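[1] task: produce atomic coordinates for the following.
(3 chains)
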Amino acid sequence: MSFPWAKQYEPKAPVMKWLDDRLPLPRLVYNAVGAGYPVPRNLNYFWNFGVLAGAALAIQIITGIVLAMHYSTDAATAFNSVEAIMRDVNAGWFLRYAHANGASMFFIVVYIHICRGLYYGSYKAPREMVWLLGVVIFLLMMATAFMGYVLPWGQMSFWGAQVITGFFSAIPLVGETIRIWLLGGYAPDAAALNRFFSLHYLLPFVIAGVIILHIWALHIPGSSNPAGVEVKGEQDTVPFHPYYTAKDGVGVGVFLLVFAIFLFFQPNLLGHPDNYIPANPLSTPAHIVPEWYFLPFYAILKSFTVDFILPAKLWGVLAMFGSILLLFFLPWLDTSPARTANHRPRYRAFLMVLLVDVLVLGYVGGAEPTKINVLIGQITTAYYFLHFLVILPIVSATERPKPVANSITEAVLKGKGGTAPAKSAIEGQPNPMPAE
Amino acid sequence: MTRIIAPLIGLGFAFVLVLGLFGTITTASEPATAEHEFHLKPKPVALASNGIFGKFDRQQLQRGFQVYKEVCAACHSISLVAFRDLAALGYSEAEVKAIANQWTTEQPSVNPETGEAATRKNLPSDKFPHVYPNEVAARAANNNAIPPDLSLMTKARPDGAAYVHSLLTGYQQPSAELMKEFPNFATPEGLYFNPYFPTLNLAMPQPLVSDGQVTYADGTNATVDQMAKDVTAFLVWTAEPKLEARHTAGLASVVFLIIFIALTIGAYKSVWRNVKH
Amino acid sequence: MASAENTVSPGESPRVHDDTVADPRRRDYLAIGAVAWAGVGAGVIALPLINSMNPSADVLALSTTEVDVSAIQPGQAIKASFRKQPLFVRNLTPEEINQANSVDAASLRDPQTLAERTKEGKTNWLVTLGVCTHLGCVPLGAGEGENKGPFGGYFCPCHGSAYDTAGRIRSGPAPTNLAVPDYEFSNDTTIVVG
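    Next up, the predicted model:
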C-alpha cells in the first residue's frame, strides 16, 4: 500500500526483531508515520493540521479521562462537581480549562484541515474515501462536543440540550416521540445527562477508530500536495520521518502556544457566561447561542422563516443537517480535472467568497435576530447551498484550468527559481517517470 | 445522478430562502425599546488581578470580604466557597475558625438526640451556608425575586467584574433623554432603575448607599466606589480562586513553548537543509 | 522544461535522504534537544494529571474529627468516622485494663503496651481506627453484643484476626495492632482526632 521505493523496516535491536516477527506492530508504525511512508516533499504548513487534530484528540481524551474521575453525572450535583474540580481538585482548574478550550482548539484545527482539503482538492479521486471518513469524523466530533457541553449542567448546557434535541421534533409524525426517546423524558434531566455522559465518553474512542481508517485510506494513494500533481517518482517524496515529524514538531509547538494562551490567559473567552449559572428548567437565558464552532450551522437553522410546503422549522433542520451532509457528495460535485484551486482561478474566487460567507454565517449565528441580521443570514445561507450544489458543478465543468507542473519536483524547483534535476533526489537513481 | 439532483436541491433551498427574504423585508422592524437604547455597557474597572501578570491584592480582598459580610451576605450566598478557602485571603487558621464560628447563618444539621432538623455553628471545612433554606423562602423574603448566589457572579455575566462594579455604583434616576424618548417609561413598584442592568429595572435596592457604610479595619476610606471595587475584587476571587496559579503556570508554559518552538525550528531546518521544498 | 530535467540544481544533494552524510552532529544536537525538551514538558504536564488523583482540598479539610465521649460508659465503645474510616473509641473497664497489662508485651507480634497506645492518665480510653490491619475489614466488638473474639477486644470476621482489649493483634493473619491515630483530649469529654 505504498510506493515501491518506500523504505522497509529493518529492526536494529534484537528485541524489536523478535517482536516484529511475532507481531509486526513496529513495522505498522514505521510504515504509517515513520520513515516507511514516502510523502510529497512540497507540503506546506497547511498539511500540519492533520497531525494537530490527532494531538488535539489525544489532549481531549487524556484530560477527559481524568476529569471523569471527578465529575458527578447527576442533575443535582453535576454543576457543583465541576466547580469542585475548579476549586478543590488538585490542578483541577487546569484540567477543566484544558478540556474546555481543547475542544475549541480541536475545532479550529479541524476547520483549517477541512479548508485545506477544499482548497487543494484533497477530496478528489483517488482520495474520496479519505474525505468521506473525514466527514464522518466531523459529525462524530460535533455530537461529542454537543454532549460534552451539556455536562457542566449550566444554563447553556440545559438549553442547548433542549434546543438541539428539539431539532428532532421537526420530523413529521414521529418527531416528538423521538425527542422524548432521546431525552428519556419531556425535558433534559437526569436521564438525558447520564446518557450524554456515557456517549460523550464513548464517542472519542469511536473517533479514534475512524481516524485509523482515515489514515489507512490516506496511505493507499499517499498524501496529496499543493502542486496538484500526483507523485511520479522517488525524487518527489521524502520519508515521513524525520522530514515531516520535524515539521510537525514546529506545528505542534505553535499549536500548543496558541492553546496555552487561551487556556491560561483567556480561558472563558470562547465559552459563555450563562454556563456559570446552574441549569434552571423554568427560565431561558435572554440570548441563547451554541458554542462558537456551531454558529454557522445555527445561522442556517435560523434562516428559514416561512412555511413553504414544509414548515419553516423542518426546512431549517433539513438545511442544517443538509449543509454538512452535502460534503459527502463533494467528490462527485466537483468534476474539474485540476486538483488545487491555484489552477482554477474562477473556482478559487468562489471558494474565497464561501470562506467569507461561512464567517458571516458564524457572526449571524451568534448575533441577535434583528431584521438586518436575519436578512444577512438568509443571503449567506443561500450562497452556502448554491456554492456547493450549483456553482461548484457548473464552474468545475466549464472552467479550463491553468497548466499544472509536470511533477512535484519540477513545481518545487520552479517555485524556488532553480532548475529541475534529471536524476532522482535519492541516491542518484534516474527519474523513473520522465515528464511528458 | 448527483450532478442532476444536487443543483435542484440547492435551488430548492435557495428558493425557500428567497421567499423568507421577502417575508423578512416586509415585516415591520421591531419597535425601539428603552432597554435596547439606554442599556449601558459596564465601565472598565482596574483590579490588581487583571492582565496576564495579575495577582490578587489581599488587603483589598479582605476589605471586599468585609463588604460582602456586612452588606451583601444578608441576601446573597457564596455557596461554592468554603470558609477554609478564606486562608487564601491572608487570614490565619484561627481567624478562619473564628469567622466560621461567628457567621450569622448556621449550617443545616441534625439534632443528634431526636434526629430532627437543626442547625449548628459553621466549621472551616463547611461551605458558606445558603442564606435561605429554599427558593420559596428566598422569593418570599425578597418581593418574589431570588437573590442570586454570588460565587460565580463575575464569570456568569458578560464582562463580569466591570458589570458588578458598574451595577453597584450605577443606581440613578432615568436620564432626561430616556424620559424624552420614552415618556411612558416608569420603573415598576418594588424595582429600582439602573442603566447597567439589562432590563434597566432590578429588584435589588441600592446596596452601597453612603460613604463609610462599612468601617475598614485597615483604615482605607470607605467611599461607595471603594467599597464597590473591593467587593468586586472579592467576587473575582470567589469566581476564580486559582487565578494566580493560572497566571504563573501560563507564563511558565509560554516561555517553555517558545523555547520548544525555537528548538523544533532548528531541528526542522537542519533536517531539511538538503531538500528543496 | 524538458531540457532543464538534465541538470543537477545547485544545492541539491544527490543523497538528501541519507542522514549520515554531512555534519550529522549539528542535526542530532537540535533534534535530540527538541525531543528531550518535549519529554521534559510531557513529564511536567503528567504531574498535575497524576496529582489530581490525590485527595482534593475538600477531602483534606475533613481530616479533623471531634468526638464527644461523655456518654460512653466503661465497657462500652462507639464507632465514629475519621477521614471516612471507622474510628473505635472504647472506655475500658478496670478488668480489661488488667487483662491488657497482664500480657508480656515483648511476646506479642507487634510489641506495645497499653500505656503506649493510650494517653497518660487516660489509659481507659482506647482510640483506634476500626480497620483491620490485615486487609481492611471492620472488626466486630465495638457494637453492643458483637463478637469480641477470644481475647475480648475486637474480632475481624473476614479472616479471623483477633485483637485483645488494647487492640493488639493476638491471633490470625493481621500483621500489626489496630492503628492509633493522632488525637488529643481537648477537654475531659472531647477527643480531637487528626
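[2] only C-alpha atoms for contact and neighbour calcs from this point on.
    Will do.
[3] element containing residue A:138?
    Assigned by DSSP states H and E, residue A:138 falls within helix A:128-150.
[4] ok, now residue A:17?
    Taking DSSP H and E as the definition, residue A:17 sits inside helix A:14-22.
[5] just checking, residue A:50 touches residue A:112?
    No - in this structure, residue A:50 is not within contact of residue A:112 by CA atoms under 8 Å, at 9.4 Å.
[6] quick one: is stretch B:187-198 near chain A?
    No - Stretch B:187-198 is not in contact with chain A by CA under 8 Å from any CA of the partner chain; minimum separation 9.5 Å.
[7] now the strands for chain A?
    A:38-40, A:237-239 (DSSP state E).
[8] quick check: which of those is nearest to residue A:367?
    Closest to residue A:367 of the strands of chain A, according to CA to CA: strand A:38-40, at 43.0 Å.
[9] what's the distance between the closest one and the middle of its chain?
    Relative to the mean C-alpha coordinate of its chain, strand A:38-40 is positioned 23 Å out (CA atoms, centre = their mean, to the nearest Å).
[10] any buried residues in it, and which?
    The neighbour-count check on strand A:38-40 (16 or more other CA atoms under 10 Å in any protein chain shown) flags A:38-40 as buried.
[11] residues making contact with the helix holding residue A:17?
    For helix A:14-22, the external contacting residues (CA atoms under 8 Å, 6 or more residues apart in numbering or on different chains) are A:10-11, A:25-27.
[12] returning to that earlier point: turn the strands of chain A into a markdown table, including distance to residue A:395 and mean pLDDT.
    A markdown table is the format used below for those (distance: least, CA to CA, whole Å; pLDDT from 0 to 100):
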| stretch | distance to residue A:395 | mean pLDDT |
| --- | --- | --- |
| strand A:38-40 | 28 | 94 |
| strand A:237-239 | 32 | 93 |
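[13] chain C: which of those strands is closest?
    Each of the strands of chain A has some distance to chain C by CA to the nearest CA; the shortest is strand A:237-239, at 7.1 Å.
[14] that closest one pairs with which strands, parallel or anti?
    strand A:38-40 (antiparallel) (DSSP bridges).
[15] what residues does the partner strand touch?
    With CA under 8 Å, 6+ apart, strand A:38-40 has contacts from A:2-3, A:6, A:222-225, A:231, A:236-240, A:408.
[16] any idea how chain C splits into domains?
    C:3-51, C:59-193 (automatic domain parsing).
[17] which of the ones you listed sits most buried?
    Neighbour counts (mean count of other CA atoms under 10 Å in any protein chain shown) averaged over each of the domains of chain C peak at domain C:59-193, with a mean of 18.
[18] mean confidence score for it?
    For domain C:59-193, mean pLDDT is 91.
[19] next: stretch B:26-36.
    On average, stretch B:26-36 scores 83.
[20] all helices for chain C, in order.
    Here chain C has its helices, by DSSP state H, at C:24-51, C:57-61, C:94-101, C:114-117.
[21] so which elements touch the last one?
    Okay, so that is helix C:114-117. Contacts defined by 3 or more CA pairs under 8 Å, 6 or more residues apart in numbering or on different chains; DSSP states H and E place helix C:114-117 against helix C:94-101.
[22] what about the helix it packs on, distance to the chain center?
    31 Å.
[23] what about stretch A:280-300, start to end distance?
    With CA to CA, to the nearest Å applied, stretch A:280-300 spans 27 Å between its terminal residues.
[24] so what touches that stretch?
    With CA under 8 Å, 6+ apart, stretch A:280-300 has contacts from A:104, A:107-108, A:154-156, A:158-160, A:270-272, A:274, A:316, A:319-320, A:323, A:358-366, A:368, A:377-378, A:381.
[25] run a quick neighbour tally on residue 192.
    Reading this off chain A. Neighbour count for residue A:192, taken as other CA atoms under 10 Å in any protein chain shown: 24.
[26] oops, wrong one, chain B.
    Based on other CA under 10 Å, the number of other residues close to residue B:192 is 19.
[27] same deal with the one 5 residues further on?
    As a burial measure, the neighbour count of residue B:197 was computed by other CA under 10 Å and equals 21.
[28] helix, strand or coil for it?
    coil (DSSP: H, G, I helix; E, B strand; the rest coil).
[29] may I have the phi/psi pair for it?
    Reported as degrees, to the nearest 10, the phi and psi values for residue B:197 are phi -90, psi 140.
[30] same deal with the one 10 residues further on?
    Listed backbone geometry of residue B:207 is phi -80, psi -40, with angles given as degrees, to the nearest 10.
[31] take the contacts of stretch A:280-300 and keep only those in helices.
    A:104, A:107-108, A:155-156, A:158-160, A:316, A:319-320, A:323, A:358-366, A:377-378, A:381.
[32] still on that earlier bit, elements contacting the helix holding residue A:138?
    Contacts defined by 3+ CA pairs under 8 Å, 6+ apart place helix A:128-150 against helix A:155-168, helix A:190-219.
[33] of all those, which lies closest to chain B?
    Among those, the nearest to chain B by CA to the nearest CA is helix A:155-168 (10.1 Å).
[34] just the angle for the closest one relative to helix A:190-219, thanks.
    70 degrees (axes from the mean of the first three to the mean of the last three CA atoms, to 10 degrees).
[35] which other residues reach helix A:155-168?
    With contact meaning CA under 8 Å, 6+ apart, helix A:155-168 is reached by A:147, A:149-151, A:175-176, A:178-179, A:182-183, A:187-188, A:272, A:274-281, A:284-285, A:288-290, A:317.
[36] now, of these, which are buried?
    Buried subset of the contacts of helix A:155-168 (neighbour count, 16+ other CA under 10 Å): A:147, A:149-151, A:175-176, A:178-179, A:182-183, A:187-188, A:272, A:274-279, A:288-290, A:317.
[37] now, of the helices and strands packed on helix A:128-150, which is deepest in the fold?
    Most buried of those by mean neighbour count (mean count of other CA under 10 Å) is helix A:155-168; its value is a mean of 22.
[38] quick one: average pLDDT of that helix?
    Across helix A:155-168, the average pLDDT comes to 93.
[39] compute the inter-axis angle for that helix and helix A:128-150.
    Per the same axes, to 10 degrees, the angle that helix A:155-168 makes with helix A:128-150 is 130 degrees.
[40] quick one: helix A:155-168 to chain centroid distance?
    Relative to the centre of its chain, helix A:155-168 is centred 23 Å away, using CA atoms, centre = their mean.
[41] that older thread, can you select the buried ones from the contacts of stretch A:280-300 in PyMOL?
    To isolate the buried subset of the contacts of stretch A:280-300 in PyMOL, counting by 16+ other CA under 10 Å, use the following:
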select buried, chain A and resi 104+107+154+155+156+158+159+160+271+272+274+316+319+320+323+358+360+361+362+363+364+365+366+377+378+381
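[42] not counting residues beside it along the chain, what's closest to the residue of chain B found nearest chain A?
    Among all residues of chain B, residue B:156 sits closest to chain A, at 4.2 Å; criterion: CA to the nearest CA. Spatial nearest neighbour of residue B:156, chain neighbours left out: residue A:273 (4.2 Å); criterion: CA to CA, 6 or more residues apart in numbering or on different chains.
[43] residues contacting the closest residue to chain B within the stretch 1-150 of chain A?
    Nearest residue of the stretch 1-150 of chain A to chain B (CA to the nearest CA) works out as residue A:42 at 4.6 Å. Counting by CA under 8 Å, 6+ apart, residue A:42 touches A:225-227, A:408, A:412, B:277.
[44] and the stretch 51-200 of chain B, which of its residues are near chain C?
    Where the stretch 51-200 of chain B comes near chain C, counting by CA under 8 Å from any CA, the residues are B:84, B:124-125.
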